[in-house]
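J.: quick one, fold the following:
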Amino acid sequence: MTELTRQQQEFFWQNGYLVVENAVSPELLSELQSVFQGWVEESRQHDVNWGETINGKPRFDLEPGHSVTAPRLRRVNAPVEVSPAYFKAMAESPMTDFVSALIGPDVKLHHTKINSKQPGGKTVVKWHQDFPFTPHSNDSVVTALLMIDEVTEDNGPLEVLPGSHTGAIHGLWHEGEFTGAIDDETAAECASEAVVCTGSAGSACLMHTRLLHGSAANRSMEPRTLFISVYSAGDAVPVSPNPMPNRYEGLIVRGRKTGRVRSIDFEMDLPELPATASFFDQQAKHKENEGSTDPVSN
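T.: Residues are numbered from 1 along each chain as shown. You can find the predicted model right below:
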């Protein structure tokens, strides 16, 4: 089992995030890169989203502007269902051990996805917290973002507000509409104090579910692809339907199933499930209401 040092664990709980190198083996990383590149090549054959997940929504989601010559595959839903390599990275890698060191010993899977910003795209992520999208009975929930590509300051890295995981749960509903984003004033404050999370391919950013975060557009000619696995402690029970249902939801990846539930004191509005393949369109609609036509991704 690969372990985090005490200093690394303390950094995570103080700041709400931690970037760790060598979250998967070089051999597995190469396989993950090859599989995803194969999906990018396959995307050239499509002009609309394709594939199907267990709830009937597309597995492969294309960014507006996608074409044969400029493929922009931005999302793969539940890749662990169709790729043994991605399943192994989620369940049987040092990354899984890192998560267990934080919220274990009993750890289960909630969902997985791949979010990619291909060169030439204009995708951004408006500031938000994950917990209002995937609320649980407690907040021992960690999102592990595995860097399939090198993540630089120019290709749309994750931006976080350190320490915000200990603060308020910010609403994502505005004027009766679920926007998937916090209010603009708070977002501006976050951006002014943001820390950028960069790293080599094979590194992972471990992020607390209540940490405020967003990301800018890819300004480079290199892709930025993240394999995202959301895990919870064994005693954290979802209190809203999974926005990305999958056949591995609830899979115990470390420890054992105890049949216990732990609750903490919090209040929040329940999320609105996305009507399309992901929450991208929810955030995009909010931007359009603000007078912007830029597409939105994660």
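
J.: for the stretch 51-200 of the chain, which segments count as helices?
T.: Ranges of helices within the stretch 51-200 of the chain are 84-91, 94-103, 184-192, based on DSSP state H, counting those that start in this stretch.

J.: what's the average pLDDT for the second one?
T.: pLDDT averaged over helix 94-103 equals 98, rounded to a whole number.

J.: any idea how far that helix is from the chain center?
T.: Relative to the chain's own centre, helix 94-103 is displaced by 16 Å; criterion: C-alpha atoms, centre = their mean, to the nearest Å.

J.: now what about it, what contacts it?
T.: By C-beta atoms under 8 Å, 6 or more residues apart in numbering, the residues outside helix 94-103 that reach it are 1-4, 9, 12-13, 20, 22-25, 89-90, 107, 140-142, 144, 146, 204, 206, 229, 231-233, 253-255. From N, CA and C alone the C-beta is placed, and that goes for glycine too.

J.: now list the buried members of those residues.
T.: Among the contacts of helix 94-103, those scoring as buried are 4, 12, 20, 23-24, 89-90, 107, 140-142, 144, 146, 204, 206, 229, 231-233, 253-254 (criterion: 16 or more other C-beta atoms under 10 Å).

J.: returning to that earlier point: list the ones among the contacts of helix 94-103 that fall in helices.
T.: Among the contacts of helix 94-103, the ones falling in helices (DSSP state H) are Gln9, Phe12, Trp13, Ala89, Met90.

J.: please name the nearest non-neighbouring residue to the second one.
T.: Pointing back at Phe12 there. Leu18 (4.2 Å; C-beta to C-beta, 6 or more residues apart in numbering).

J.: give the contact list for that neighbour.
T.: Contacts for Leu18 were tallied using C-beta under 8 Å, 6+ apart; they are Leu4, Gln8, Phe11, Phe12, Cys205, Leu206.

J.: which of the residues you listed sit farthest apart?
T.: Leu4 and Cys205 (13.3 Å; C-beta to C-beta).

J.: what residues are shared contacts of the two?
T.: Contacts common to Leu4 and Cys205, judged by C-beta under 8 Å, 6+ apart, are Leu18, Val20.

J.: and the spatially closest residue to Pro132 that is not a sequence neighbour, how far from Thr179?
T.: Among residues not flanking Pro132 along the chain, Leu172 sits closest, at 5.1 Å (C-beta to C-beta, 6+ apart). With distances taken as C-beta to C-beta, to the nearest Å, Leu172 is found 6 Å from Thr179.

J.: contacts only, for the residue nearest the centre of the chain.
T.: The chain has Ile228 as the residue nearest its centroid, 4.5 Å off, counting by C-alpha atoms, centre = their mean. Going by C-beta under 8 Å, 6+ apart, Ile228 touches Thr112, Lys113, Ile114, Asn115, Thr143, Ala144, Leu145, Leu146.

J.: name whatever forms a beta bridge with the third one.
T.: It refers to Ile114. According to DSSP bridges, Val76, Phe227 are recorded as the beta-bridge partners of Ile114.

J.: and for it, the neighbour number?
T.: When neighbours are counted by other C-beta atoms under 10 Å, Ile114 registers 25.

J.: tell me which residues touch it, please.
T.: Going by C-beta under 8 Å, 6+ apart, Ile114 touches Phe36, Arg75, Val76, Pro79, Tyr86, Ile148, Thr225, Leu226, Phe227, Ile228.

J.: in the protein, which spans are strands?
T.: 17-20, 60-62, 73-77, 107-117, 125-128, 141-147, 158-160, 173-174, 177-178, 195-197, 204-208, 213-215, 224-233, 252-254 (DSSP state E).

J.: relative to strand 224-233, how tilted is the third one?
T.: Interaxial angle, strand 73-77 versus strand 224-233 (axes from the mean of the first three to the mean of the last three C-alpha atoms, to 10 degrees): 20 degrees.

J.: let me see the mean pLDDT of strand 73-77.
T.: If you average the pLDDT over strand 73-77, you get 95.

J.: what's that strand in contact with?
T.: With C-beta under 8 Å, 6+ apart as the criterion, strand 73-77 contacts 36, 39-40, 43, 53, 57-63, 66, 113-118, 121, 123, 244, 246, 277-278, 280, 297-298.

J.: cool, thanks, signing off.
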